[in-house]
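Student: Below: sequence and its predicted model.
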Amino acid sequence: MQSIDNPLAVIRSLGAIDGLRILDVGCGSGGLAKQLCAAGAIVSGIDPEHQAVKAAAATVPSASFTIAVAESLPFEPSSFDRVLMVNTLHHVPQSGMFAALIEAMRVLTPDGMLIVIEPTASGNFFEALRLVEDETLVRAAAQTAMDAADAGGSIRRVRTLTYTRSEKFDTPDQFLERIVAVDPTRGDVVKQRHRSIVMAIEAAAQSDAEGKLVFEQPIKVDIFRRPTEKVPPNDHDFDL
């Protein structure tokens, strides 16, 4: 039985990575891209933030990174075996979420897979984050967009998985550095309400034996194929 508790484990569970052409939509500073390249994948990444793309290119020189948005991917049809959206879809403007899913289908090969990994609006990580940015509505909108695209036949959901991401921090400020790195616009809110936010983070956190702050975030994984492709037999067992 294979335990899945992170994006790379999800991708590995779907088959060998070596030689696959993989697009990381919302690549950030290139952390996942680095892991994928190390596993033998041919990786491209896009992100709307110039600084993120610059950092990713420095982190993973063997990959290719471009400034772009998920709703308009600068690639030819059937360019990739896998398209990844890891904590990305809920950051796309709500009016563009459906288009982002359709774009992912366009650039996939006929037997390719779209892997969407999204945090749910639950867990103490979410509770701590919402003091800086309440993502309740956008996280729900991402799920609605996937459901609508699936129900309408634009994409076809073939599998759903869940796991819980656990992260540890030495201090509340380390937690804040983590969430501001994901979205620098959060920095202004942190500066304006720093004291009350720190108190709320401390209240939401669990503590381990070493005194570290522990935050858990439930994660939902949806795997899609093109609507005309047959669902393959499930050759993998998941211990979630």
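Tutor: Perfect, I can see it now. Residues are numbered from 1 along each chain as shown.

Student: per-residue confidence at residue 239?
Tutor: For residue 239, the pLDDT comes out at 38.

Student: Ok, residue 181 next?
Tutor: Reported pLDDT for residue 181: 88.

Student: And for it, the neighbour number?
Tutor: 14 (other C-beta atoms under 10 Å). For every residue, glycine as well, the C-beta is placed using N, CA and C.

Student: residue contacts, it?
Tutor: By C-beta atoms under 8 Å, 6 or more residues apart in numbering, the contact set of residue 181 is residue 29.

Student: Local confidence estimate at the residue nearest the centre of the chain?
Tutor: Centroid-nearest residue in the chain: residue 86, 1.3 Å away (criterion: C-alpha atoms, centre = their mean). Residue 86 carries a pLDDT value of 98.

Student: Wait, residue 176 touches residue 190, no?
Tutor: Yes: counting by C-beta atoms under 8 Å, residue 176 sits close enough to residue 190 to count as a contact (5.4 Å).

Student: overlap in contacts of the two?
Tutor: With C-beta under 8 Å, 6+ apart as the test, residue 176 and residue 190 both reach 132, 197.

Student: quick one: which of those two has more around it?
Tutor: Neighbours were counted for residue 176 and for residue 190 using other C-beta under 10 Å; residue 176 has more, 24 against 18.

Student: mind checking pLDDT for that one?
Tutor: Confidence score, pLDDT, at residue 176: 97.

Student: A strand includes it, no?
Tutor: No: assessed with DSSP: H, G, I helix; E, B strand; the rest coil, residue 176 is helix; it does not lie in a strand.

Student: Give me the below-cutoff pLDDT ranges for the protein.
Tutor: 1-2, 228-240 (pLDDT under 70).

Student: how about the helices in it?
Tutor: Applying DSSP state H to the chain gives helices spanning 7-13, 31-38, 50-59, 97-107, 124-129, 136-151, 172-182, 186-192, 194-204.

Student: Can you pull out the residues in contact with the second one?
Tutor: So the one you mean is helix 31-38. Against helix 31-38 from outside (C-beta under 8 Å, 6+ apart): 7-8, 11, 17, 22, 24, 27, 43, 45, 56, 59-60, 62-63, 65, 84, 86.

Student: how about a cut-off of 10 Å?
Tutor: For helix 31-38, contacts defined as C-beta atoms under 10 Å, 6 or more residues apart in numbering pick out 6-8, 11-12, 17, 20, 22-24, 26-27, 30, 41-45, 55-57, 59-65, 82, 84, 86-87, 117.

Student: Now a ChimeraX select for only the buried ones of these.
Tutor: Only the buried entries of the contacts of helix 31-38 go into this ChimeraX selection, using 16 or more other C-beta atoms under 10 Å:
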select :6,7,8,11,12,17,20,22,23,24,26,27,30,41,42,43,44,45,55,56,57,59,60,63,65,82,84,86,87,117
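
Student: For stretch 11-21, C-alpha coordinates in PDB please.
Tutor: Extracted C-alpha coordinates of stretch 11-21, given in PDB (Å, rounded to 0.1, in the frame of the first residue of the first chain):
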ATOM      1  CA  ILE A  11       2.300  12.200  -9.300                       C
ATOM      2  CA  ARG A  12       4.500   9.100  -8.700                       C
ATOM      3  CA  SER A  13       1.400   7.100  -7.800                       C
ATOM      4  CA  LEU A  14       0.100   7.600 -11.400                       C
ATOM      5  CA  GLY A  15       3.100   6.000 -13.000                       C
ATOM      6  CA  ALA A  16       6.800   6.600 -13.800                       C
ATOM      7  CA  ILE A  17       7.900  10.200 -14.100                       C
ATOM      8  CA  ASP A  18      11.100   9.700 -16.000                       C
ATOM      9  CA  GLY A  19      10.800  11.200 -19.500                       C
ATOM     10  CA  LEU A  20       7.400  12.800 -19.000                       C
ATOM     11  CA  ARG A  21       6.700  16.300 -20.200                       C
END
